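Peer 1: My questions concern the predicted model and sequence given below.
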Amino acid sequence: MDIQWADLAAAFGLLLVFEGVLPFASPQGLKRAMVGLAATSDRSLRVAGLASMVAGLVLLWLIRS
């Protein structure tokens, strides 16, 4: 399996764009979300992170197959 560096760079660029949308569009909303995240249990955050990773892997598998 050969790494396609251009695809990896493009994916990272899209990640940065998506990560910047909420702080740009609604800084107050982001602050409220961060307060809510701080109050969330570690277990809930881990489950949400795992679900996100699995969903991303499934999406990549569907796109690449």
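Peer 2: Now that the structure is in, tell me what you want to look at. Every value quoted in this text rests on a predicted model; they were computed, and no experiment measured them.
Peer 1: And the contacts of the helix or strand containing Ser44?
Peer 2: Element membership for Ser44, per DSSP states H and E: helix 42-64. Helix 42-64 has contacts (C-beta atoms under 8 Å, 6 or more residues apart in numbering) with Leu37. (Each C-beta comes from the backbone N, C-alpha and C, glycine too.)
Peer 1: Next, the buried residues of it.
Peer 2: Buried residues in helix 42-64, counted by 16 or more other C-beta atoms under 10 Å: none are found.
Peer 1: Could you say which helix or strand holds Asp2?
Peer 2: With DSSP H and E as criterion, Asp2 is part of no helix or strand.
Peer 1: burial measure for it, as a count.
Peer 2: 4 (other C-beta atoms under 10 Å).
Peer 1: And for Ile3?
Peer 2: For Ile3, using other C-beta under 10 Å, the count is 7.
Peer 1: mind checking how far it is from Leu30?
Peer 2: 33 Å (C-beta to C-beta, to the nearest Å).
Peer 1: Ser44 now?
Peer 2: For Ser44, the distance to Leu30 - C-beta to C-beta - is 19 Å.
Peer 1: swap in Ser65?
Peer 2: Distance of Ser65 to Leu30, computed by C-beta to C-beta: 35 Å.
Peer 1: Compare the two (neighbour count), which wins?
Peer 2: Leu30 (14 against 5).
Peer 1: so the more buried one makes contact with Leu22?
Peer 2: Yes. Proximity of Leu30 to Leu22 meets the contact threshold set by C-beta atoms under 8 Å, at 5.1 Å.
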